[in-house]
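[1] turn this into a model:
(one chain, ligands or ions: 1)
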Amino acid sequence: MKKLAKRISRKEWGMILLAILFTCFSVYLELEVPTYISKITDLLGTQATNLDELWQPAGMMVGMSFLAFLSAVAVGFFASRVAASYTSRLRSDIFNRVLDYSQTEIKKFSIPSLLTRTTNDITQVQMLITMGLQVVTRGPIMAIWAIGKILGHSEYWLWAVLVAVIVNVLMTTVLMTLAFPKQSLIQSLTDKLNSITRESLTGIRVVRAYNAEKYQDEKFAAANDELTRLNLFVNRLMAILNPIMMGISSGLSVAIYWIGAYVINDAAPTARLPLFSDMVVFMSYAMQVVMGFLLMGALFIVLPRTMVSAKRINQVLDLHSSIQNPAQVQLVDENLKGQVEFKDVTFRYAANSEAVIEHVSFRVEAGQTVAFIGSTGSGKSTLVNLIPRFYDVSAGEILVDGVNVQDYALEDLRNKVGYIPQKAVLFSGDVKDNLDFGHSQETPLSEQAMWQALELAQSKNFIEDKEAGLESEVAQGGTNFSGGQRQRLAIARALARKPEILIFDDSFSALDYKTDRVLRQELAEKTKSMTKLIVAQRISTIMDADLILVLDQGKVVGQGTHKELLANNEVYQEIAYSQLSKEELEHGK
Ligand SMILES: Nc1ncnc2c1ncn2[C@@H]1O[C@H](COP(=O)(O)OP(=O)(O)OP(=O)(O)O)[C@@H](O)[C@H]1O
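    Down below sits the predicted model:
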């Protein structure tokens with residue numbers, strides 16, 4: 001909580017101060033009202049009083065109550081302003097931190113948990129600020145002030161108030177001790193529920209195709225029931241709190257009247273009226289004291305859960321990406337554009353896990369094409385993901401244009417690379433937004449450049465066919481395009497940046513053979529200066545590459561051109577003959 005408080009801006013502190021000042025003012029007004037009740041009681045007890053004399057105290061009572069109401073409105077206004085502006089900033093901070101995260105950090109929290117932390121946990125903080133400023137600051141101010149007033153007034157009833165306060169504090173403490181451990185469980189169960197919902201919705205077609213609705217339903221129901229049980233437990237405890245508080249305040253009223261009855265009965269007749277007036281005023285103050293503690297109790301309803309949320313938010317804010325910009329950025333030789341070299345690179349996903357890439361070395365000159373082939377899980381994608389530093393190598397080094405990738409400013413390194421992931425990712429918006437995405441050599445991209453990229457990526461036809469052309473809508477994830485179209489749009493997006501290095505992570509597999517062949521021909525002709533790193537499953541996709549690396553369980557088991565490998569590499573031969581005939585392989589396809 002302290003850490004989160006440090007993020008409150010000066011302006012917000014100013015508004016908090018104003019909210020507290022208005023709270024003090026409204027409490028002052030509310031506590032002044034009983035004085036007029038006492039005056040009216042005294043006046044009513046005096047025989048000579050006429051109606052006109054009652055107007056003044058009555059008018060003051062109404063005026064003060066109205067001012068107190070206005071002050072409460074002002075407190076509400078400042079509280080909601082502070083809560084909204086603070087949490088909106090906090091949400092952006094979390095979002096930006098998460099965007100900086102490497103895959104390792106994202107995996108550490110999991111995407112559903114990051115979503116809950118950015119939404120649900122922040123709402124919890126927002127609620128505490130709003131409620132805290134409106135209700136909770138009022139509680140102690142009211143209680144302390146009212147106790148001050150009572151102490152000056154009368155001692156007969158003081159014991160009753162003291163007992164009521166002690167019972168109140170004890171009950172709140174017991175209930176909170178029971179509820180507190182459950183609160184953190186509720187947040188992690190919300191994560192779990194989000195995760196199951198997300199999984200079922202993203203895989204909805206598979207769920208339907210396998211008639212697995214019941215299975216998924218049961219998984220969801222189990223998590224949902226657990227969360228409901230906990231929520232019920234906590235809410236029941238909170239529900240008990242209210243009647244207890246009401247019981248205490250009613251009990252206190254009865255006690256005050258009871259004691260009052262004895263005291264007034266024992267007093268001399270002339271002293272009875274002032275005593276009665278005292279009792280009425282005391283009653284009002286005593287109720288304010290109890291109300292003050294009641295409001296503080298409200299804090300304990302929200303506080304434990306918010307503390308858990310604050311901890312979860314801080315965990316995200318405190319964790320920095322393991323992929324950082326170097327302290328000293330190294331300058332790059334301007335004459336080198338697109339050279340990539342792996343020097344004895346080894347990589348493991350976790351420090352104590354097995355190496356996924358082992359002692360890989362190769363070098364590709366600017367404009368050349370290097371391809372990676374191997375069985376599934378042999379480490380091809382992992383290897384190319386190391387170039388834009390999605391992960392850092394465990395040993396060895398990767399040089400781009402003669403400089404270690406870890407010595408580049410991340411932005412500069414990634415500007416050199418056009419990356420096309422295995423699973424094409426498109427963003428909601430239109431085709432234009434998706435092509436002019438992030439930084440490129442030419443920002444904003446001209447329509448001409450977009451069409452060029454689309455043409456090169458064999459996407460011009462199907463975009464031209466759409467009525468809105470470049471303004472055609474793209475749904476989230478590109479679901480309104482076919483798999484192959486999505487892949488081609490992702491290729492066009494990378495080409496439009498005119499990068500030095502193009503990384504195709506198995507991006508050709510969603511294309512039909514004809515498009516695959518035409519695309520490769522076009523790329524060879526029109527992107528001569530770009531270095532291409534191609535991960536592929538099909539021999540036909542890579543047979544023209546300048547260098548082919550055959551991977552097996554993270555190790556390079558063959559390196560050379562198609563012809564060389566076909567002549568002397570067993571693993572390559574095995575893959576090649578399983579896909580194409582001897583003739584096709586020898587004469588190209
Ligand atoms: N994020 C990850 N965390 C831990 N292990 C991973 C992760 N991603 C991949 N692996 C493991 O690393 C190995 C290599 O995976 P990789 O995706 O690089 O293979 P690939 O050759 O590209 O496979 P495919 O052709 O099926 O895409 C596999 O054994 C895989 O289980």
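
[2] and the next element down the chain from the helix or strand Arg520 falls within?
    Under the criterion of DSSP states H and E, Arg520 resides in helix 513-526. As assigned by DSSP H and E, the chain's next helix or strand after helix 513-526 is strand 531-535.

[3] any residues touching stretch 415-428, and which ones?
    338, 381, 387-388, 400-401, 433-434, 437, 439, 474-478, 481, 483, 486-487, 489-491, 493-495, 497, 499-507, 510, 530, 535 (C-beta atoms under 8 Å, 6 or more residues apart in numbering). Just so you know, the C-beta spots here come from the backbone N, C-alpha and C atoms, and that holds for glycine as well.

[4] mind checking which of those residues land in helices?
    Among the contacts of stretch 415-428, DSSP state H puts 381, 433-434, 483, 486-487, 489-491, 493-495 in helices.

[5] and these as JSON lines, adding pLDDT?
    JSON lines is the format used below for the ones in helices among the contacts of stretch 415-428 (pLDDT from 0 to 100):
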{"residue": "Ser381", "pLDDT": "93"}
{"residue": "Asp433", "pLDDT": "88"}
{"residue": "Asn434", "pLDDT": "90"}
{"residue": "Gly483", "pLDDT": "88"}
{"residue": "Arg486", "pLDDT": "92"}
{"residue": "Gln487", "pLDDT": "91"}
{"residue": "Leu489", "pLDDT": "93"}
{"residue": "Ala490", "pLDDT": "93"}
{"residue": "Ile491", "pLDDT": "93"}
{"residue": "Arg493", "pLDDT": "92"}
{"residue": "Ala494", "pLDDT": "92"}
{"residue": "Leu495", "pLDDT": "91"}
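
[6] got a winner among those for most neighbours?
    Gln487 (30 neighbours; other C-beta atoms under 10 Å).

[7] what's around the nearest residue to that residue once chain neighbours are set aside, how many residues?
    Spatially, and ignoring its direct neighbours in sequence, Gln487 is nearest to Ala510 (4.2 Å; C-beta to C-beta, 6 or more residues apart in numbering). Here the number of neighbours of Ala510 (other C-beta under 10 Å) works out to 19.

[8] host element of the nearest residue to Asn168 once chain neighbours are set aside?
    Nearest non-adjacent residue to Asn168, counting by C-beta to C-beta, 6+ apart: Phe293, 4.7 Å away. Assigned by DSSP H and E, Phe293 belongs to helix 269-318.

[9] next SSE downstream of that helix?
    Toward the C-terminus, helix 269-318 is succeeded by strand 340-347 as the next helix or strand (DSSP H and E).

[10] Ile150 contacts Val161, correct?
    Yes - Ile150 is within contact range of Val161, at 6.5 Å (criterion: C-beta atoms under 8 Å).

[11] pLDDT on stretch 230-249, on average?
    The average pLDDT within stretch 230-249 is 85.

[12] try stretch 72-88
    94.

[13] buried residues of that stretch, list them for me.
    Buried residues in stretch 72-88, counting neighbours by 16 or more other C-beta atoms under 10 Å, are found at 72, 74-75, 78-83, 86-87.

[14] same question for stretch 14-34.
    15-16, 18-20, 22-27, 29-34.

[15] excluding its backbone neighbours, what's nearest the residue nearest to the spatial centre of the chain?
    When C-alpha atoms, centre = their mean is applied to the chain, the residue found nearest the centroid is Thr118 (2.4 Å). The shortest distance from Thr118 to any non-neighbouring residue, by C-beta to C-beta, 6+ apart, is to Ile94 (5.2 Å).

[16] what helix or strand is that neighbour on?
    Going by DSSP H and E, Ile94 is in helix 51-100.

[17] following that helix, which helix or strand comes up?
    Counting by DSSP H and E, the next helix or strand C-terminal to helix 51-100 is helix 103-109.

[18] average pLDDT across that next one?
    For helix 103-109, mean pLDDT is 88.

[19] please apply the same query to stretch 545-563.
    92.

[20] just to revisit the earlier point, what sits in contact with each of Ile150 and Val161?
    Common neighbours of Ile150 and Val161 (criterion: C-beta under 8 Å, 6+ apart): 286, 289.

[21] of the buried residues of stretch 72-88, closest to Gly260?
    Ala72 (30.7 Å; C-beta to C-beta).
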